[in-house]
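# okay, here's the prediction I keep looking at, along with the sequence it came from:
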Protein chains: 2
Amino acid sequence: MKFEPVTIKDIAKALKLSTSTVSRALSDSYQISPKTKKVVADYAAKINYQPNPIAQSLKVRKSHTIAVVVSELANSFFSQVIDGVDTLAHEKGYNVIIAQSHEKFDIEESILKYLSGRSVDGIIISVSLETKDFSFLKELKQRGMPIVFVDRIANDLDTHKVILNNYKASYDATTYLIKKGYRRIAALASVVNLSITQERLAGYMAALNDNRISINNNYIRHCKPGATLGEEIAKVLGYFQRLKQKPDAVIGLSDKLTTGMLREMVRQKIKIPDEMAIMGFSNNDLTELFSPPLSIIKQPAFEMGKVATELLIRLIESKRPITEFITKILEPEHIIRESVIKGKRL
Amino acid sequence: MKFEPVTIKDIAKALKLSTSTVSRALSDSYQISPKTKKVVADYAAKINYQPNPIAQSLKVRKSHTIAVVVSELANSFFSQVIDGVDTLAHEKGYNVIIAQSHEKFDIEESILKYLSGRSVDGIIISVSLETKDFSFLKELKQRGMPIVFVDRIANDLDTHKVILNNYKASYDATTYLIKKGYRRIAALASVVNLSITQERLAGYMAALNDNRISINNNYIRHCKPGATLGEEIAKVLGYFQRLKQKPDAVIGLSDKLTTGMLREMVRQKIKIPDEMAIMGFSNNDLTELFSPPLSIIKQPAFEMGKVATELLIRLIESKRPITEFITKILEPEHIIRESVIKGKRL
DNA sequence: TTTTTTTACGCAAACGATACCACTGGGAGC
DNA sequence: GCTCCCAGTGGTATCGTTTGCGTAAAAAAA
């Protein structure tokens, strides 16, 4: 019942050749005569020989596998990124193994620890919310593991990075809202240690500054995505509502935050956008169907995945150690819809 | 610059032991004295030894890796399934490699071909739209590869399967619509060769039958998801509109179809649900925010992924060949919202 | 003390493939 | 006719582990 896969030895024995010859014939070496190659190739095809990738990996010290570790798979942004990674990786002959940190630092670390066993040729990572300590990643990189960051990066780790122009993304969104007459613009941000939080917040604040609108700290709230995100957002919204000067617009600085806030606003029957407008980062492709259609800042997630993979493979396949690293900054797409267009009521 | 990972030999040399002893000590074999074990463990920890999974795999003929092949990763249903797979797999010490068929038969086949090289211990698969020929999968299974189907199955292939109670899901949805007074209920289905299409259509028709509503073939349309899905749906909707007896409700028999149809209805400014109601299969978790809130039939995707993984691992780790296969049928959740509640206008 | 058993370890052969080195034999060069 | 070359092939070590078998020393039984 147990299936014995056919090996190079089997075909060597059958053809009365040595394993070296077979191996070379299969890899189309110049040292092998055309006729032998043909005989081997034909027989291999006939008995449906499949090289054992594990044995190859062990020998060649390359697994042709890359890992992508993200916080949550079932999140449009990340699944689109992984889609991009997978698409390019398969094109280039690499396999993709995935792992989720579930936003936990220790899970992330144990994943990385496992990965450090050299079962993968490189890693694409978007760090968890909790990650503040990048020493493990640094060590991994120093040991020679190619690493590429995507979206959530570690600033002090020198390697290839692929990010959104986060600053501009929220600067432009905020500026748009200001142009449309909104003056009390609140920002709902994720945890402060994240690179994207800092950059997006900076863009938001710069836009206010450039338009001579003073920054109101009451309008800047942080929420930690997770099981209790809904409650946290509800609390924030309640807090906004109780302010003497309620915000007239809120901008969500991450996917979950934006849709979470919208959900809560709908639940609390806030008139959007008249009472409070909303826009924010999101990669859900159904936001146009929302009530009201949601204005979004969209990341080129698929593209980001592809670029990250491209860079990673370049790192992996480079002959000489690379010391010059690049940070690829992609531009967001702002899609304006009714959630910020006054006059159109819910 | 190149990093040389530490091997079992290094620690054997350093401790003046044989590699076998080290290996056994590390695996906590009874043949090794407690003190040796401790010495080895301590030293291994000190120099941060990580076993080479590739070498282990080659030796033990197990990769502790499972593959999940789906059509599209960036699809809420599949990403939720994969989330479930990944979660349980990691719990059980397995890695997950993913691959997308992009709904193409030949891509699917090349993936399976690669996988047949024994780089994975088992496969979880949801076949592509185009797949009608399961001979390759059959062969793979006969060669001993554990395979579990999820969602889109091959009926004539005997192995574990995890599916939704598709029949009941659409039977109940259709029945609900009938109870609510809808009589001209249309069904938007995917390609006919898919198991889920057949089952869902059967449930729909049975519900009509049981309520003495004759089946109108004009009301049953098939669309092939893909790049041109939007256009196809637009065409179908136009077709419905031109019917002397326009449908008063439409039920989408898959995720993309449901949201695609909703999008088109909104675009054509059809009053939902008064002019035409809509509900259907969907696993997007923001459907409550839609305009109007969309009634959905939700699959327990995460759970399906977990169950499939559970079954697959059982298959993998079983000592004796398994010949009795089970089909696990999970129940859908119907969430009724305003898209089918008359009186509430868009 | 001698014999038997047990304990704890080493040797060496695998797993499947690759690659360095050596070897064979037929043709070219002289 | 002899040497030399080289295309074409085989032998074998190796990648890092695991594991069956053998064996020394220590412990137990005699």
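On my side now, so go ahead.
# which strand or helix spans the residue in the stretch 101-250 of chain A that chain B sits nearest to?
Nearest to chain B, among the residues of the stretch 101-250 of chain A, is A:G144, at 3.6 Å (C-beta to the nearest C-beta). C-beta here means a position set from N, CA and C on the backbone, and glycine is covered the same way. Per DSSP states H and E: A:G144 is located in neither a helix nor a strand.
# how about the strands in chain A?
Assigned by DSSP state E, chain A shows strands spanning A:65-70, A:95-100, A:122-125, A:147-150, A:160-164, A:185-189, A:220-222, A:249-252, A:277-281, A:295-298, A:327-330, A:333-335.
# deepest in the core, which of those is it.
strand A:249-252 (a mean of 29; mean count of other C-beta atoms under 10 Å in any protein chain shown).
# in the stretch 101-250 of chain A, what residue comes closest to DNA strand D?
A:G117 (7.6 Å; C-beta to the nearest atom of the strand).
# and that residue, what does it touch?
When contacts are counted by C-beta atoms under 8 Å, 6 or more residues apart in numbering or on different chains, A:G117 touches B:5, B:50-53.
# thought A:H334 was touching A:K168, still the case?
No. If you go by C-beta atoms under 8 Å, A:K168 and A:H334 don't touch, sitting 10.0 Å apart.
# alpha carbons only: can I get stretch A:68-80 in PDB?
Output of stretch A:68-80 as PDB, limited to C-alpha atoms (Å, rounded to 0.1, in the frame of the first residue of the first chain):
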ATOM      1  CA  VAL A  68       5.600  35.300   4.300                       C
ATOM      2  CA  VAL A  69       4.600  36.200   7.800                       C
ATOM      3  CA  VAL A  70       1.700  38.500   8.400                       C
ATOM      4  CA  SER A  71      -0.500  39.200  11.400                       C
ATOM      5  CA  GLU A  72      -3.800  38.100  10.000                       C
ATOM      6  CA  LEU A  73      -4.500  36.300   6.800                       C
ATOM      7  CA  ALA A  74      -8.200  36.900   6.700                       C
ATOM      8  CA  ASN A  75      -7.700  40.600   6.200                       C
ATOM      9  CA  SER A  76      -8.200  42.000   2.700                       C
ATOM     10  CA  PHE A  77      -5.000  43.900   2.700                       C
ATOM     11  CA  PHE A  78      -2.800  41.000   3.700                       C
ATOM     12  CA  SER A  79      -4.500  38.500   1.600                       C
ATOM     13  CA  GLN A  80      -4.000  40.800  -1.400                       C
END
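# can it be said to contact chain B?
Yes. Using C-beta under 8 Å from any C-beta of the partner chain, stretch A:68-80 reaches chain B at A:72-76, A:79-80.
# that older thread, among the contacts of A:G117, who's most crowded?
B:P53 (21 neighbours; other C-beta atoms under 10 Å in any protein chain shown).
# check contacts around that residue.
By C-beta under 8 Å, 6+ apart, the neighbours of B:P53 are A:117-119, B:63-64.
# same deal with A:K161?
With C-beta under 8 Å, 6+ apart, A:K161 has these contacts: A:148-150, A:153, A:325-328.
# try 7 Å this time
Contact partners of A:K161, counting by C-beta atoms under 7 Å, 6 or more residues apart in numbering or on different chains, are A:149, A:153, A:327.
# wait, isn't A:I153 in contact with A:S195?
Yes. Counting by C-beta atoms under 7 Å, A:S195 is a contact partner of A:I153 at 4.9 Å.
# quick one: which of the two has more around it?
A:I153 (23 against 17).
# distance of that one from B:A206?
54 Å (C-beta to C-beta, to the nearest Å).
# cool, and A:S63?
In terms of C-beta to C-beta, A:S63 sits 50 Å off from B:A206.
# who's more crowded, those two?
Each of A:S63 and B:A206 has its neighbours counted (other C-beta under 10 Å); A:S63 has more, 23 against 17.
# quick check: closest non-adjacent residue to A:N209.
Counting by C-beta to C-beta, 6 or more residues apart in numbering or on different chains, A:I215 is the residue found nearest to A:N209 once chain neighbours are left out, at 7.3 Å.
# I'd like to know how far the one you found sits from DNA strand C.
60 Å (C-beta to the nearest atom of the strand, to the nearest Å).
# what about that residue, how many residues close to it?
A:I215: 14 neighbours (other C-beta under 10 Å).
# hmm, A:M205 and it touching each other?
Yes. With contact defined as C-beta under 7 Å, A:I215 counts as touching A:M205 (5.6 Å).
# circling back to that earlier point, any idea how far A:I322 is from the residue of the stretch 101-250 of chain A closest to chain B?
11 Å.
# residues in contact with the residue in chain A sticking out farthest from the centre?
For chain A, the C-alpha farthest from the mean C-alpha position belongs to A:K16; by C-alpha atoms, centre = their mean, that distance is 51.1 Å. Residues in contact with A:K16 (C-beta under 7 Å, 6+ apart): none are found.
# can you check the one 4 residues further on too?
Contacts for A:S20 were tallied using C-beta under 7 Å, 6+ apart; there are none.
# check the gap between it and DNA strand C for me.
In terms of C-beta to the nearest atom of the strand, A:S20 sits 3 Å off from DNA strand C.
# and stretch A:192-203, what's buried?
Judged by neighbour count (16 or more other C-beta atoms under 10 Å in any protein chain shown), stretch A:192-203 contains these buried residues: A:194-197, A:199-201, A:203.
# how about stretch A:313-331?
For stretch A:313-331, a neighbour-count test (16+ other C-beta under 10 Å) marks A:313, A:315-316, A:328, A:330 as buried.
# starting at the chain centroid, how far to that stretch?
17 Å (C-alpha atoms, centre = their mean, to the nearest Å).
# which positions in chain A make contact with DNA strand C?
By C-beta under 7 Å from any atom of the strand, the residues of chain A that approach DNA strand C are A:5, A:7-9, A:19-20, A:23-24, A:26-27, A:49-52, A:55-56, A:58-60.
# apply 10 Å and report the result again.
For chain A, the contact set with DNA strand C under C-beta under 10 Å from any atom of the strand comprises A:4-12, A:18-27, A:29, A:31, A:44, A:49-61.
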